[in-house]
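Undergrad: the following comprises the amino acid sequence and a computationally predicted model.
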Amino acid sequence: MCSTTRSATASSPARSSAGINYRDFFDRQLLHADYCLACFKLEQQEQDRLPGLLRSVLRLPDYRTKARRMGKIISWTETGVTHLTI
C-alpha cells in the first residue's frame, strides 16, 4: 500500500493526495540510491496486514539489511515479491 502527494504535470495525471495506488510507486523513475520503496498490492480493507507483511519482506535475504535495500523498489503481491533496481 502506497500513497503520494505528487503534483500533476503534463506527463503525469493528477492524483488525489489521499489516494493509494500501487502503480504510482512501482515505477522505475522513482529509483534512487539513497532510499528504498516498498509497495504492497492490498485493498484498503486489508491495510491491517501491512505491518506483518513488511516484517516478512524485510526478513528476506535480499532486503534484510539497509545496504541491500537501498536503490530498490520492492513489490509485494499475493503471488510473490519482486523488485526493481537502479
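TA: Sure thing, it's come through. Numbering: from 1, shown residues only.

Undergrad: neighbours of residue 32, how many?
TA: For residue 32, the neighbour count with other C-beta atoms under 10 Å is 13. Quick note: C-beta positions are derived from backbone N, CA and C, even for glycine.

Undergrad: OK, contacts around residue 53?
TA: Applying C-beta atoms under 8 Å, 6 or more residues apart in numbering to residue 53 gives the contacts 40, 42, 76.

Undergrad: dihedrals phi and psi, the first one?
TA: Meaning residue 40. With angles defined as degrees, to the nearest 10, residue 40 sits at phi -120, psi 120.

Undergrad: for it, grab the count of nearby residues.
TA: Here the number of neighbours of residue 40 (other C-beta under 10 Å) works out to 21.

Undergrad: tell me what it is bridged to.
TA: Per DSSP bridges, the residues bridged to residue 40 are residue 76.

Undergrad: thought it was touching residue 52?
TA: No: taking contacts as C-beta atoms under 8 Å, residue 40 lies outside contact range of residue 52: 10.8 Å.
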